[in-house]
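Chemist: Below is the sequence, then the predicted model.
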Amino acid sequence: MSNDYPPSGVLFVNDRKQKQTSPDYTGRLELSDEVINDLIAQMERGETKPSLSLAGWKKTSNKTGKTFLSLLGSVNRPQNGDAQPQKQSNELNDEVPF
């Protein structure tokens, strides 16, 4: 893959599938330094299964006409429902609202 765009990846349909257990799609994914550093930080925090976020877009090759998924890997940020508890400040707000 070229350096003309941010680290990304692709998944193509595996048209050489020889047995039931062969993957349906194959490809590769490049990761940015930011994502790699975040994965390392997750491991240093003791997470046994570090993760990243993936986004995919269904596209069609101009050359071959084959459909593929264009991928982008990014730092795993909590979703709204998965929000992590925020750190509480030890400072007291002694201001009385009246």
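Modeler: Received, thanks. Numbering: from 1, shown residues only.
Chemist: Please, which helix or strand holds Leu11?
Modeler: Using DSSP states H and E, Leu11 sits within strand 9-13.
Chemist: Just the C-alphas of that strand, formatted as PDB.
Modeler: Provided in PDB are the C-alpha atoms of strand 9-13 (Å, rounded to 0.1, in the frame of the first residue of the first chain):
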ATOM      1  CA  GLY A   9      -6.900  -1.700   4.600                       C
ATOM      2  CA  VAL A  10      -9.100  -3.800   2.300                       C
ATOM      3  CA  LEU A  11     -10.900  -7.100   2.400                       C
ATOM      4  CA  PHE A  12     -11.700  -8.900  -0.800                       C
ATOM      5  CA  VAL A  13     -13.900 -11.900  -1.300                       C
END
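Chemist: Contacts for it next, please.
Modeler: For strand 9-13, the surrounding residues in contact (Cβ atoms under 8 Å, 6 or more residues apart in numbering) are 1, 24-30, 56, 66-73. From N, CA and C alone the C-beta is placed, and that goes for glycine too.
Chemist: the strands in this protein, which residues?
Modeler: 9-13, 25-29, 52-60, 67-75 (DSSP state E).
Chemist: Would you list the buried entries among the contacts of strand 9-13?
Modeler: 29, 68-69, 71-73 (16 or more other Cβ atoms under 10 Å).
Chemist: Which two among the residues you listed are spaced furthest apart?
Modeler: Using Cβ to Cβ, the two most remote members of the buried ones among the contacts of strand 9-13 are Phe68 and Gly73, lying 16.0 Å apart.
Chemist: if I pick the residue nearest the centre of the chain, what's in contact with it?
Modeler: Nearest to the mean C-alpha position of the chain, by Cα atoms, centre = their mean, lies Ser53 at 2.4 Å. By Cβ under 8 Å, 6+ apart, the contact set of Ser53 is 73-77.
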